[in-house]
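**Q** Sharing a model prediction with you, sequence too.
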Amino acid sequence: MNVYTQFESPIGTITVNGNDDGLLGVWYESHARDLNDFGAQADDHPILKLTVTQLREYFNGERCEFSIPLAANGTEFQNKVWQALTTIPYGETWCYKDLAIAVGNPKASQAVGGANGKNPISIIVPCHRVIGKNGSLTGYAGGVDIKQALLELEAKS
């Protein structure tokens, strides 16, 4: 059964949802999702408690890596891209071409960008660490202001 909880963070209310298999999503207020899509509210679910704890540590500058079982639903290609995202070191950024190379298809920058944009597990699967080739902060599901705040947080730690 899918469940969710919410908590306040320095970048606003965050909703996390998951099930007994793992974490399904980390969502910002700007995602404007219907909470009914996430199942029942369950603040004490072990996956959700672990996720909230580790995200709070991240925002406090105490955590650079996450150890949460992930259970995102994506295509084979999306899952490959999302896995590659987890290898981008904390405090560093890659351009889309770097990510395309990491998934073994250096000419697939645009396809990689599409998969990156569909990542449901924000922050933990760090799609915010992917920027434009010229260093620009390209689109981000949570908004470019949140992307910038996350990158600045990581640069300080």
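**A** Everything's here; your move.
**Q** tally of neighbours for Gly113?
**A** The burial count assigned to Gly113 is 19, neighbours taken as other CB atoms under 10 Å. (Glycine included, C-beta is placed from N, CA and C.)
**Q** okay, now the residue nearest to Ser157 when sequence neighbours are not counted: neighbour count?
**A** Closest residue in space to Ser157, ignoring its immediate chain neighbours: Gly61 at 4.3 Å, by CB to CB, 6 or more residues apart in numbering. Counted with other CB under 10 Å, residues neighbouring Gly61 total 11.
**Q** SS state for Gly61?
**A** Secondary structure for Gly61, judged by DSSP: H, G, I helix; E, B strand; the rest coil, is coil.
**Q** Stretch 22-34: which residues count as buried?
**A** Judged by neighbour count using 16 or more other CB atoms under 10 Å, the buried positions of stretch 22-34 are 23-28.
**Q** Export those residues as a markdown table, with columns for distance to Leu150, secondary structure and pLDDT.
**A** A markdown table is the format used below for the buried residues of stretch 22-34 (distance: CB to CB, whole Å; DSSP: H, G, I helix; E, B strand; the rest coil; pLDDT from 0 to 100):
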| residue | distance to Leu150 | secondary structure | pLDDT |
| --- | --- | --- | --- |
| Leu23 | 18 | strand | 98 |
| Leu24 | 20 | strand | 97 |
| Gly25 | 17 | strand | 96 |
| Val26 | 12 | strand | 97 |
| Trp27 | 14 | strand | 95 |
| Tyr28 | 11 | strand | 94 |
